[in-house]
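Peer 1: output the structure for:
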Amino acid sequence: MISLLFLILLVPHVLFTSTQVAVIFPQDPAVHIGSSLTATCTVSAEIAGLHINKLYWTLNGRRLASSTYGAVSPRAVSVTLHRLNGSQQQSGDNLVCHGGDGHVLAGSCLYVGLPPEKPVNLSCWSRNTKDLSCQWSPGGQGETFIRTKYTLKYKLRWYGQEKECEDYTSVHQPYSCYIPRDLALFTPYELWVEAANQLGSANSDIITLDILDVVTTDPPDNVLVNRVGDLEDQLTVRWATPPALKDFLFQAKYQIRYRLEDSVEWKVVVDVGNQTSCRLAGLRPGTVYFVQVRCNPVGIFGSRKAGIWSGWSHSTAASTPISERLQSGSCDPKPSEHNSTLRRELKQFFGWVRKHAYGCSGMSIKLYDQWRVWLQKSHKTRNQVLQGDNS
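Peer 2: Residues are numbered from 1 along each chain as shown. Just a heads-up that it's a prediction; the model follows:
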């Protein structure tokens, strides 16, 4: 009742009648960008006191120049718009005919835009085989200036009935849709996107996929990062298989990435394989590192295609031990020629071991651990000797 009263108060006295005051033709037109349009406002013969030469037009609240008007008849006035730009709002621009006292006589929505182009880059993924999410890109520049509807359609390849995806509410990806249930496994789907507005329509290419070939999963759980004894340049990373896939037949692949505390650049360890632990080597002593892990479920139920990488796990932080050389602040003496040769040979050996141990390749690095411990002890012993000589 309150809403009705509010509407009555807004209606000008010249409009408060059962007779239609005026009409605009064409009503709610849709035209291409760059086009011209002539619209006519015709006042009802039953309305007295309206002078045609006092009528005026507005577009989105801005009064249009009288030089664009034309008298069509004693009760009709036109306006011509040239080289129209795209609509300022997707719901259409407001073209309004006013009486001499400013009252609204009639209105029309003007849609100025472009027909949609063929949608591209349609791709889909299934979270733990339970659902299907798809996203795409609008064709061309993407902007049509008027409301364009995108519809994701799908069906089983050989005998399925065509269906439409209904959930387009993702805030992270505007051109996307989510199918939450009732999906078939072991049978391929055909999917495509239809784009349509008042100026035309276009369809994407049809893609064919099997749900088992596009499976992704949750990031690994319980990522733990710890020191490796007193080794100053290493950390060990352990994690758990994503629980949602524990009952599936698959061969997981993992990747690790890590960065320094004060850096935004990640370094990725690509070849971790299917193990759930990894040794990071060649790190800076006394430094905080952030580590993340992600999973790719490969070969779900025997699928021959690789899965899709999960998101990265939450960052886990750990620091490498502080080097005793850094703590003592001492410097190595200038080595003799014999020591230089020995150190060069040991450096080459050290580089060879690190090269084969780095990247979590699964190689045994027990010898490398022994070498690093021995090297650190030798530095400690040498520093103690040097300090004793200085005293």
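
Peer 1: so where's the stretch 1-150 of the chain uncertain?
Peer 2: Applying pLDDT under 70 to the stretch 1-150 of the chain flags the ranges 1-19.

Peer 1: how about V79: what's its closest non-neighbour residue?
Peer 2: W57 (4.4 Å; Cβ to Cβ, 6 or more residues apart in numbering). Every C-beta, even on glycine, is put in place using the N, C-alpha and C of the backbone.

Peer 1: same question for G61.
Peer 2: G61 sits nearest to N94 (Cβ to Cβ, 6+ apart), 7.2 Å away.

Peer 1: the one you found: what secondary structure?
Peer 2: strand (DSSP: H, G, I helix; E, B strand; the rest coil).

Peer 1: so what sits opposite the residue nearest to V79 in the bridge?
Peer 2: Note on W57: beta-bridge partners C97, judged by DSSP bridges.

Peer 1: relative to V21, how far out is it?
Peer 2: 15 Å (Cβ to Cβ, to the nearest Å).

Peer 1: my guess is the residue nearest to G61 contacts L59. True?
Peer 2: Yes - if you go by Cβ atoms under 8 Å, N94 and L59 touch, sitting 7.1 Å apart.

Peer 1: tell me the SS of the residue lying closest to F145 once chain neighbours are set aside?
Peer 2: Closest residue in space to F145, ignoring its immediate chain neighbours: G86 at 3.1 Å, by Cβ to Cβ, 6+ apart. Of the three states, G86 takes coil under three-state DSSP.

Peer 1: is it true that G86 touches Y111?
Peer 2: No - using Cβ under 8 Å, G86 makes no contact with Y111, being 9.6 Å away.

Peer 1: looking at those two, which is more packed in?
Peer 2: Each of G86 and Y111 has its neighbours counted (other Cβ atoms under 10 Å); Y111 has more, 22 against 17.

Peer 1: assign a three-state SS to that one, would you?
Peer 2: Under three-state DSSP, Y111 comes out as strand.

Peer 1: hang on, the earlier thing: overlap in contacts of G86 and Y111?
Peer 2: I146 (Cβ atoms under 8 Å, 6 or more residues apart in numbering).

Peer 1: what sits against the residue nearest to V79?
Peer 2: A39, C41, R63, L64, T68, Y69, V79, L95, V96, C97, H98.

Peer 1: most neighbours out of those, which is it?
Peer 2: Counting neighbours by other Cβ under 10 Å, C41 comes out on top of the contacts of W57 with 28 neighbours.

Peer 1: now do the closest residue to that one other than its chain neighbours against G61, distance only.
Peer 2: Leaving out its chain neighbours, the residue that sits closest to C41 by Cβ to Cβ, 6+ apart is C97, at 3.5 Å. Applying Cβ to Cβ, the value for C97 to G61 is 14 Å.

Peer 1: which parts of the stretch 201-350 of the chain are strands?
Peer 2: With DSSP state E, counting those that start in this stretch, the ranges of strands along the stretch 201-350 of the chain come out as 207-209, 215-216, 221-227, 235-240, 251-260, 267-269, 277-280, 288-298, 316-319.

Peer 1: of all these, which gets the most neighbours per residue?
Peer 2: strand 215-216 (a mean of 24; mean count of other Cβ atoms under 10 Å).

Peer 1: got the contact list for that strand?
Peer 2: Under Cβ under 8 Å, 6+ apart, the answer for strand 215-216 is 125-129, 296-297, 300, 303, 307-310.

Peer 1: distance from the chain centre to that strand, please.
Peer 2: Relative to the chain's own centre, strand 215-216 is displaced by 17 Å; criterion: Cα atoms, centre = their mean, to the nearest Å.

Peer 1: in its sheet, what does it sit against?
Peer 2: Strand 215-216 has these partner strands in its sheet, going by DSSP bridges: strand 120-127 (parallel).

Peer 1: what pairs with the following helix or strand past the strand it pairs with, parallel or antiparallel?
Peer 2: Downstream of strand 120-127, the next assigned helix or strand under DSSP states H and E is strand 132-137. Using DSSP bridges, strand 132-137 pairs in its sheet with strand 120-127 (antiparallel), strand 176-179 (antiparallel).
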